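1. predicted model follows, preceded by the sequence.
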Amino acid sequence: MDGGYIYIMTNKYKTTLYIGVTNNLKRRVWEHRTHYDTSSFTAKYNLEYCVYYEYFEKIGDAISREKELKKWRREKKNALIASNNPAWRDYWEEIQDWIY
């Protein structure tokens, strides 16, 4: 089984977070940024900025990590993001150049 990513999306004002899992981060972030699914949570709240991600060699490990993070309080999620991305910059510029 192929690897996977967990990722965190937020909006311009960093007021809402979304945690997801995918086997193709570039495609999935693009879908969020373009509101590919207009009825999705991320489209509704304009969550277009990928501020955190982790890669796992096994998709099952990524799914387990996603479930773990979703149980965390907001303050702990904020601290996780800030530990790797203090300015909460959007990783799209980096991700969009990836080749799968």
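-> Looks like it came in fine. Numbers count the residues shown, from 1 in each chain.

2. for the protein, give me the ranges with low pLDDT.
-> For the chain, the stretches with pLDDT under 70 are 1, 100.

3. ranges for the strands of it?
-> Secondary structure of the chain (DSSP state E): strands at 4-10, 17-22, 49-56.

4. just name the most buried of these.
-> Most buried of those, by mean neighbour count (mean count of other C-beta atoms under 10 Å): strand 4-10, with a mean of 24. All C-beta spots, glycine's among them, are computed from the backbone N, C-alpha and C.

5. who touches that one?
-> For strand 4-10, the surrounding residues in contact (C-beta atoms under 8 Å, 6 or more residues apart in numbering) are 16-23, 25, 28-29, 32, 42, 47-56, 58-59, 61-63, 65-66, 69, 77, 81, 88.

6. now the strands of the chain in JSON lines, with distance to Ile95?
-> Output for the strands of the chain, formatted as JSON lines (distance: least, C-beta to C-beta, whole Å):
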{"stretch": "strand 4-10", "distance to Ile95": "9"}
{"stretch": "strand 17-22", "distance to Ile95": "11"}
{"stretch": "strand 49-56", "distance to Ile95": "7"}
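
7. tell me which of those sits nearest to Arg73.
-> strand 17-22 (11.3 Å; C-beta to C-beta).
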